[in-house]
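Chemist: okay, sequence plus prediction incoming.
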Amino acid sequence: MGKILTLTIIISSVLIWGLNPQSQWVVYGILILAGALVIKFTEYSQKPRPQRPQNTAEVISLDEYRKKKQEARNNSTFPSWVPVLASTSVIEAELVSGFLEAEGIETRVLNKQQASILIHPVDALEIKVLVKPSDERKAKDLIKNRQDQNAPSGPL
């Protein structure tokens, strides 16, 4: 650092030899500023840099990630509720949910927000209609009876 300061003084003396006194002070100021910047730069460049932590995370496929996230969400959101319908259609899940609600069975529709996001491939997410365990048998019977009523009879 002392060598840099000495070199700065020598260079400034040579440069300002023939200048008028006002210009000499300007040049001194610029050279002192340049010297200070050089000193700071050398101090900064000599500091040891922190090492980046090595990434040891396991790479998994997107489908596997989605499956794990879905399982975690299913197990934590409504742990005591049971699925009575799994569909890839938000409309179907909402219709069944509304039908069961009209029959007096409380329901929850799981994953309808994620299914509406367009980045998921078609049929990638299951939308589930959940009911309380005490209403499971009744809900499944109602759904089955409704499907039987709407099934086409005879050849098409």
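Modeler: Nice, I can see it.

Chemist: quick check: mean pLDDT across stretch 128-141?
Modeler: Mean pLDDT, stretch 128-141: 92.

Chemist: just confirm residue 51 is within a helix.
Modeler: No: assessed with DSSP: H, G, I helix; E, B strand; the rest coil, residue 51 is coil; it does not lie in a helix.

Chemist: from residue 42, how far out is it?
Modeler: 22 Å (Cβ to Cβ, to the nearest Å). Just so you know, the C-beta spots here come from the backbone N, C-alpha and C atoms, and that holds for glycine as well.

Chemist: okay, those two: which has more neighbours?
Modeler: residue 42 (11 against 6; other Cβ atoms under 10 Å).

Chemist: show me the helices in the protein, by range?
Modeler: 2-15, 21-46, 62-77, 90-102, 112-115, 136-150 (DSSP state H).

Chemist: quick one: mean pLDDT for the second one?
Modeler: Taken as a whole, helix 21-46 has an average pLDDT of 75.

Chemist: and residue 136, what is it in contact with?
Modeler: 82, 84 (Cβ atoms under 8 Å, 6 or more residues apart in numbering).

Chemist: I'd like the helices of the chain as CSV, with distance to residue 127 appended.
Modeler: Below are the helices of the chain laid out as CSV (distance: least, Cβ to Cβ, whole Å):
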stretch, distance to residue 127
helix 2-15, 70
helix 21-46, 56
helix 62-77, 11
helix 90-102, 4
helix 112-115, 5
helix 136-150, 15
